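K.L.:
Sequence first, predicted model second:
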Amino acid sequence: MSVYTELDRKQFDSILSHYHLGRLDDFEGIAAGIENTNYKISVHTSAGDKVYFLTIFEQLHKQELDFFIPFLAHLKSHGCLLPAPKANINGDYLFSIENKWGVIFECLEGHHLDAIKPAHGQTIGKELAKIHLSAQQYSQCHANPRGYYWLQKQANNAELAINESDRELLQSKLKAMQSLWQAWHQDPQLPQSFIHGDLFIDNCLFLDSGELSGVIDFYAGGLDFCIYDVAICIMAWGKTQQHKIDQTIADAIIQGYESVRPLSDNERRYLPDFLRLAVLRFWVSRLVAQMQQQGAALTTTKNPDDMKALLLNLE
């Protein structure tokens with residue numbers, strides 16, 4: 001959520017003229033995140049001031065957004081905790097600006113966690129299971145844009161800022177997982193759903209009470225194995241400064257998840273392999289993000305070497 005597309009007040013006024021949200025008071029760019037432009041906009045209404053988030057999608061096309069935005073509305077209607085997209089006066093979610101597509105979302109209360117406790121892990125595990133079950137009730141599917149074969153393709157990308165020994169390590173680990181990946185698709189004990197695919201701490205908001213306010217940024221997700229999403233969550237929430245996994249946090253996430261959807265025997269069996277795949281995925285995606293972020297006005301980067309170190313410690 002860097003600022004790639006810079007808008008002025010006149011453009012914000014033009015966008016808001018198609019909504020019944022109020023009159024623009026102020027706006028500011030948000031530098032957190034990686035792939036989209038985000039603004040916080042304040043509007044004045046007869047009932048008082050309100051705040052919304054305006055997102056401009058820098059990479060997603062309309063066909064993809066035609067899946068994602070109604071899907072998020074579906075999850076919200078099924079009790080999942082996330083910011084609801086706001087429809088304009090014509091009932092449409094999307095608007096067009098500078099040849100890109102945007103959406104206005106409600107602004108959730110809450111903040112990112114400074115420190116993770118097992119109770120937080122249990123809470124996020126429970127919410128992840130709710131998302132998986134609710135997504136299975138949605139009529140449309142969206143392929144995971146960053147699945148195994150995307151990783152293979154990116155590992156061979158000559159433009160990645162990676163030395164030859166690291167590239168060989170990356171490619172060898174992916175090759176070692178290929179037969180597993182093929183076998184998993186024939187296993188009925190490995191259920192699939194829409195996976196968030198990026199459930200890091202900075203994609204969750206918590207209230208001061210410790211309650212989860214909401215999950216954000218679903219756009220890296222798609223149809224894949226539920227246990228893969230659990231593994232990504234364990235990696236994201238359980239990674240220590242020593243580049244290891246905090247088993248207490250991992251156990252809490254699993255406990256919370258299973259309070260809503262129990263894992264199968266094979267999901268438990270293959271969890272360590274999915275954890276390695278999760279680390280590979282984020283090593284690669286951070287390398288790709290480094291390459292793509294050049295030229296952004298405001299930006300936040302994440303170190304790919306953290307994932308490499310974690311991968312080596314998982315062996």
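P.N.:
That came through fine.
K.L.:
which residues touch stretch 121-132?
P.N.:
Identification of contacts with stretch 121-132 by Cβ atoms under 8 Å, 6 or more residues apart in numbering yields 75, 78-81, 193-196, 199, 204, 210-212, 215, 226, 229-230, 233, 237-238, 249-250, 252-261. To be clear about C-beta, it is placed using only N, CA and C from the backbone, and glycine gets the same treatment.
K.L.:
Return the subset of those lying in helices.
P.N.:
75, 226, 229-230, 233, 237-238, 249-250, 252-258 (DSSP state H).
K.L.:
So residue 160 sits against residue 288, correct?
P.N.:
Yes - contact criterion Cβ atoms under 8 Å: residue 160 and residue 288 qualify, at 7.1 Å.
K.L.:
For these two, list the residues in contact with both.
P.N.:
residue 154.
K.L.:
Now that we have the contacts of stretch 121-132, which of them are buried?
P.N.:
Applying 16 or more other Cβ atoms under 10 Å to those, the neighbour count classes 75, 80-81, 193-196, 199, 204, 212, 215, 226, 229-230, 233, 237-238, 249-250, 252-254, 256-258, 261 as buried.
K.L.:
For stretch 52-71, list every residue counted as buried.
P.N.:
Under 16+ other Cβ under 10 Å, the buried positions of stretch 52-71 are 52-58, 60, 64-65, 67-69, 71.
K.L.:
could those be laid out in CSV, adding secondary structure and distance to residue 271?
P.N.:
Formatted as CSV, the buried residues of stretch 52-71 follow (DSSP: H, G, I helix; E, B strand; the rest coil; distance: Cβ to Cβ, whole Å):
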residue, secondary structure, distance to residue 271
52, strand, 38
53, strand, 34
54, strand, 38
55, strand, 33
56, strand, 37
57, strand, 33
58, coil, 34
60, coil, 30
64, helix, 29
65, helix, 32
67, helix, 28
68, helix, 28
69, helix, 32
71, helix, 26
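K.L.:
ok, so of these, who is nearest residue 108?
P.N.:
Closest approach between the buried residues of stretch 52-71 and residue 108, by Cβ to Cβ: residue 53, at 8.7 Å.
K.L.:
per-residue pLDDT, the residue lying closest to the closest one once chain neighbours are set aside?
P.N.:
Leaving aside its sequence neighbours, residue 53 sits nearest to residue 105 (Cβ to Cβ, 6 or more residues apart in numbering; 4.6 Å). If you check residue 105, the pLDDT there is 98.
K.L.:
repeat for the one 3 residues further on
P.N.:
Taken from the predicted model, the pLDDT recorded for residue 108 is 95.
K.L.:
Please name the bridge partners of the spatially closest residue to it that is not a sequence neighbour.
P.N.:
Excluding the flanking residues, the one nearest residue 108 by Cβ to Cβ, 6+ apart is residue 214, at 4.3 Å. With DSSP bridges as the criterion, residue 214 is bridged to residue 205.
K.L.:
isn't residue 214 right up against residue 83?
P.N.:
Yes - assessed by Cβ under 8 Å, residue 214 is found in contact with residue 83 at 5.9 Å.
K.L.:
Give me the common contacts of these two.
P.N.:
With Cβ under 8 Å, 6+ apart, residue 214 and residue 83 have common neighbours residue 108.
K.L.:
picking up where we left off before, how about the buried residues of stretch 52-71 in a markdown table, adding pLDDT and distance to residue 90?
P.N.:
Compiled in a markdown table, these are given as follows (pLDDT from 0 to 100; distance: Cβ to Cβ, whole Å):
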| residue | pLDDT | distance to residue 90 |
| --- | --- | --- |
| 52 | 98 | 18 |
| 53 | 95 | 21 |
| 54 | 96 | 18 |
| 55 | 95 | 19 |
| 56 | 95 | 19 |
| 57 | 94 | 19 |
| 58 | 91 | 24 |
| 60 | 92 | 21 |
| 64 | 96 | 21 |
| 65 | 98 | 16 |
| 67 | 98 | 20 |
| 68 | 98 | 19 |
| 69 | 98 | 14 |
| 71 | 98 | 20 |
